[in-house]
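Undergrad: Need coordinates for the below:
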Amino acid sequence: MTRQVACVPKSLESYVQIDQWGTVPVVLGHGFGTDKSAWDYLMPFLPEGFTYVRYDLAGCGSDEDTLRRYNLQRHSHLYGYADDLIELLDSLGIQSCIYVGHSVSCMIGAIAAIARPDLFQRHIWLNPSPCYLKDENYPGTLTPEDLQAIYDAMVTNYQAWAAGFAPLMFGVTEDHRLADFSKTLFRLQPSIALRTLQVIFDSDTRDFVDKVSQRVHLIFNRDDFVVPQPVALWLHRKLPNTTLDWIEAQGHLPHITHPEAVGPLVKKYIIYSE
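TA: Numbers count the residues shown, from 1 in each chain. Got it, this is the predicted structure:
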């Protein structure tokens, strides 16, 4: 497969990459601690005949881009990130796309799709979670005390926290791809990383995620400390029109750690037809 990198409008070129192999747009949104390069390992597995649009979430790109795009008030909740996504699609003239999200970008895509259902044909979500806290009616894994410990560690020594957090997210301790993930995690400005993680862990879309009207294809790792299996099953039951696939792997970043397992599934659902 020969990749052609398409021209990006100047106003978007600091945070958008378009790999143009065809005409049908596939938009890819990354998760916390990564940027648009997180999809590099998955791209060789994706089908021809589509135009792939990757973008950095606000605060996750270069320092210059962060200064220009990240707004403390706008990005104090997921709605601001969803507005960013809608504005990006409108700026590119995309009228209908296939959306591939990882982790928090799945719920960003959900919010955007509820607000503008015309923009989305279907969704492919990797390791999504509508809520991270556990309560008597929901099988989350984290408590408020857990979150406070995480935030305290980030404030005390961000570099030390990130060095311990990366292997947990990855599910393995020795892999050259772990170094790539660590680079993007360390590149985040500590104050923005803290605020972003607070926004993610404070978010709760359980009450309205089922309003996503498009088909959603769910892909989860079997062993993910961030999103345990009961949460995956909860989301599968909650959404009105879904499929559910499991990757026999650990960690929260299957598209980086196990692209050979994730790639064929994503490919199948990109070319999927009703």
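Undergrad: contacting residues around residue 271?
TA: 47, 49 (Cβ atoms under 8 Å, 6 or more residues apart in numbering). Every C-beta, even on glycine, is put in place using the N, C-alpha and C of the backbone.
Undergrad: how far away is it from residue 103?
TA: The gap separating residue 271 from residue 103 is 24 Å, by Cβ to Cβ, to the nearest Å.
Undergrad: go on, residue 67?
TA: Taken as Cβ to Cβ, the span from residue 67 to residue 103 is 25 Å.
Undergrad: So for the two, which residue has more residues nearby?
TA: The residue with more neighbours, out of residue 67 and residue 103, is residue 103; 25 against 10, by other Cβ atoms under 10 Å.
Undergrad: Next one: that one from residue 51, what distance?
TA: For residue 103 relative to residue 51 (Cβ to Cβ), the value is 23 Å.
Undergrad: which residues in the protein form strands?
TA: Secondary structure of the chain (DSSP state E): strands at 16-20, 22-29, 49-55, 97-102, 120-126, 215-223, 242-250.
Undergrad: quick one, which of those is packed in tightest?
TA: strand 97-102 (a mean of 26; mean count of other Cβ atoms under 10 Å).
Undergrad: List of residues touching that strand?
TA: Counting by Cβ under 8 Å, 6+ apart, 24-31, 34, 38, 50, 53, 89, 107-109, 113, 119-128, 253, 255, 266, 270 sit against strand 97-102.
Undergrad: check contacts around the nearest residue to residue 23 once chain neighbours are set aside.
TA: In this structure, residue 23 finds its nearest non-sequential neighbour in residue 51, 6.1 Å apart by Cβ to Cβ, 6 or more residues apart in numbering. The contact partners of residue 51, by Cβ under 8 Å, 6+ apart, come to 6, 18-26.
Undergrad: how does it look with 10 Å?
TA: Residue 51 is in contact with 4, 6, 18-27, 92, 94, 97, counting by Cβ atoms under 10 Å, 6 or more residues apart in numbering.
Undergrad: Name whatever forms a beta bridge with it.
TA: Here residue 51 sits in beta bridges with residue 20, residue 25, going by DSSP bridges.
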